[in-house]
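Chemist: Take this sequence and fold it.
(one chain, ligands or ions: 2)
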Amino acid sequence: MSKLRVAVLGAKGRIGSEAVRAVEAAEDLELVAALGRGDDLETLTASGAQVAVELTTPDSVMDNLDFCLRHGIHAVVGTTGWTDERLTRLKALLADSPQTGVLIAPNFSIGAVLTMKFAQIAAPYFESVEVIELHHPNKVDAPSGTATRTAQLIAEARARAGSAPAPDATATALDGARGASVDGIPVHAVRLRGLLAHQEVLLGAEGETLTVRHDSLHHSSFMPGILLGARRVVTTPGLTFGLEHFLDLN
Ligand SMILES: NC(=O)C1=CN([C@@H]2O[C@H](COP(=O)(O)OP(=O)(O)OC[C@H]3O[C@@H](n4cnc5c(N)ncnc54)[C@H](OP(=O)(O)O)[C@@H]3O)[C@@H](O)[C@H]2O)C=CC1
Ligand SMILES: O=C(O)C1=N[C@H](C(=O)O)C[C@H](O)C1
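Modeler: Ligands and ions are numbered 1, 2, ... in the order given. Prediction:
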């Protein structure tokens, strides 16, 4: 059986370099290109890449996906910074390339995906819920894509259940003291030397709290999800948002 031809964009970065090693080590995948900033995207077509794993920066990802979709190259995207406006642009690109698949996963680690799922289940049962994400200080965006998605999913679950807004008597505060509000859910971002990628969802009700915590201790935690994404995206045209859809968790 022929191997699936995979390219990595952002190949010299923290997660990209790990992805290069993971693709090289996978028996059913062939690494055909490993591109850094400034490298020629035509290498993707010249190498016959079927899937591009996009692990660059929020300012680079749209141009890279534009190229991939114009050339029918499927994409597995870990790069963060997704807004509604960006997703609308991406969907327009996909409309012109309907056979091509794009997976955007705010987090490729199974534990983080489960954290989001558990938080969604728990959120309607507690009066209060807040998200704290903690990352290494070289991370360029805040809050993390994972925390943003977690808060959105929590807000959706609470809206479906008809939950009241969380109680909060704060009258005045320093700017930022209560974090950022993502769909009404407070999200706090910590940047600390020594950390990699961590998240806590704090839930509170009368007389009890529940904390759902996940820790990525090494970039290897993201690799099974990336490899799964590459294998599945080639037969999943259109946009898939969230690795959970490839894990049959829904
Ligand atoms: N979904 C997930 O599970 C995960 C997602 N991420 C996300 O992945 C992204 C990268 O994170 P991280 O590896 O820590 O960041 P890094 O800064 O370490 O890596 C990004 C790399 O992409 C390169 N790059 C920038 N623009 C381009 C381009 N146009 N083409 C090719 N390469 C380019 C950068 O080069 P240069 O340094 O020259 O700018 C750099 O080497 C972030 O958005 C992060 O949030 C991270 C971990 C897990
Ligand atoms: O930049 C990182 O490191 C990470 N980015 C992703 C995010 O923004 O959620 C995933 C993980 O948290 C690591």
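Chemist: Model confidence score at Glu200, please.
Modeler: Per-residue pLDDT puts Glu200 at 98.
Chemist: Pull the contacting residues for Arg232.
Modeler: The contact partners of Arg232, by C-beta atoms under 8 Å, 6 or more residues apart in numbering, come to Leu103, Phe246. Where C-beta positions appear, they are placed from N, C-alpha and C, glycine not excepted.
Chemist: any idea which helix or strand comes after the host helix or strand of it?
Modeler: Under DSSP states H and E, the secondary-structure element containing Arg232 is helix 223-233. Toward the C-terminal end, the helix or strand that comes next after helix 223-233 (DSSP H and E) is strand 238-241.
Chemist: So which elements touch that following strand?
Modeler: Contacts defined by 3 or more C-beta pairs under 8 Å, 6 or more residues apart in numbering; DSSP states H and E place strand 238-241 against helix 84-95, strand 101-104.
Chemist: Show residues contacting the last one.
Modeler: Think strand 101-104. The contact list for strand 101-104, computed with C-beta under 8 Å, 6+ apart, reads 65, 69, 74-77, 82, 90, 94, 229, 232-243, 246.
Chemist: And these, which of them are buried?
Modeler: Buried subset of those (neighbour count, 16 or more other C-beta atoms under 10 Å): 65, 69, 74-77, 82, 90, 94, 229, 232-233, 236, 239-243, 246.
Chemist: Which members of those residues additionally contact ligand 1?
Modeler: Taking C-beta under 6 Å from any ligand atom, there is no overlap between the buried ones among the contacts of strand 101-104 and the neighbourhood of ligand 1.
Chemist: tell me the domain boundaries of the chain?
Modeler: The record assigns the chain these domain ranges, following the TED database: 4-104+220-246, 110-217.
Chemist: From the chain's centre, how far out is the longest one? Work that out for me.
Modeler: Read it as domain 4-104+220-246. Per C-alpha atoms, centre = their mean, to the nearest Å, the displacement of domain 4-104+220-246 from the mean C-alpha position of its chain is 12 Å.
Chemist: and that domain, is it in reach of ligand 2?
Modeler: Yes. Under the criterion of C-beta under 6 Å from any ligand atom, domain 4-104+220-246 makes contact with ligand 2 via Thr80.
Chemist: tell me how far the ends of that domain are from each other?
Modeler: 18 Å (C-alpha to C-alpha, to the nearest Å).
Chemist: Return the set of buried residues in stretch 12-31.
Modeler: So for stretch 12-31, counting by 16+ other C-beta under 10 Å, buried means 13, 15-20, 22-23, 26, 29-31.
Chemist: ditto for stretch 144-156
Modeler: Of all the residues in stretch 144-156, those buried under the rule 16+ other C-beta under 10 Å are Ser144, Gly145, Thr146, Ala147, Thr148, Arg149, Thr150, Ala151, Gln152, Leu153, Ile154, Ala155.
Chemist: Done for today, thanks.
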